[in-house]
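Novice: no sequence on hand, only this structure:
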């Protein structure tokens, strides 16, 4: 089992920045595909960004050039740097791990382990 704990969420004004962290424990995640997803009130959980074991990345269109996903295998941690935040980025952000695949993975249903989420609120 892998335990994932997100941190770094909070309240920020539009145009501001936040950096989310996802600390993994129980197993090393260096070979896992890792992803960030978000869920706004009344909406389904959606893909935000993912990173492969070789640090290839993919982003949802609306966050390209504003968000950056990265991983530090020595710390068993994945990050999501968010800049130029918009009110529509407001959501609970979840980290996820796919233990069966090491490449780019943007399909929510393929992920095996999830964190509890961290709230990001962007005020206008």
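Specialist: Thanks, I have it. No experiment lies behind these values; they were computed from the predicted model shown.
Novice: could you pull out the strands for this protein?
Specialist: Applying DSSP state E to the chain gives strands spanning 3-7, 10-13, 18-25, 33-39, 46-51, 57-59, 67-72, 77-82, 91-98, 113-114, 118-123.
Novice: and of the ones you listed, who's closest to residue 105?
Specialist: strand 33-39 (3.9 Å; Cβ to Cβ). Heads up, the C-betas are built off the backbone N, CA and C, glycines and all.
Novice: show me what counts as buried in stretch 90-101.
Specialist: By neighbour count with 16 or more other Cβ atoms under 10 Å, stretch 90-101 contains the buried residues 90-98, 101.
Novice: cool, and stretch 36-44?
Specialist: 36-38.
Novice: of the residues you listed, closest to residue 64?
Specialist: Out of the buried residues of stretch 36-44, the member with the shortest distance to residue 64 (by Cβ to Cβ) is residue 36, at 13.5 Å.
Novice: got the contact list for the closest one?
Specialist: Residue 36 is in contact with 20, 22, 48-50, 69, 78, 80, 93-96, counting by Cβ atoms under 8 Å, 6 or more residues apart in numbering.
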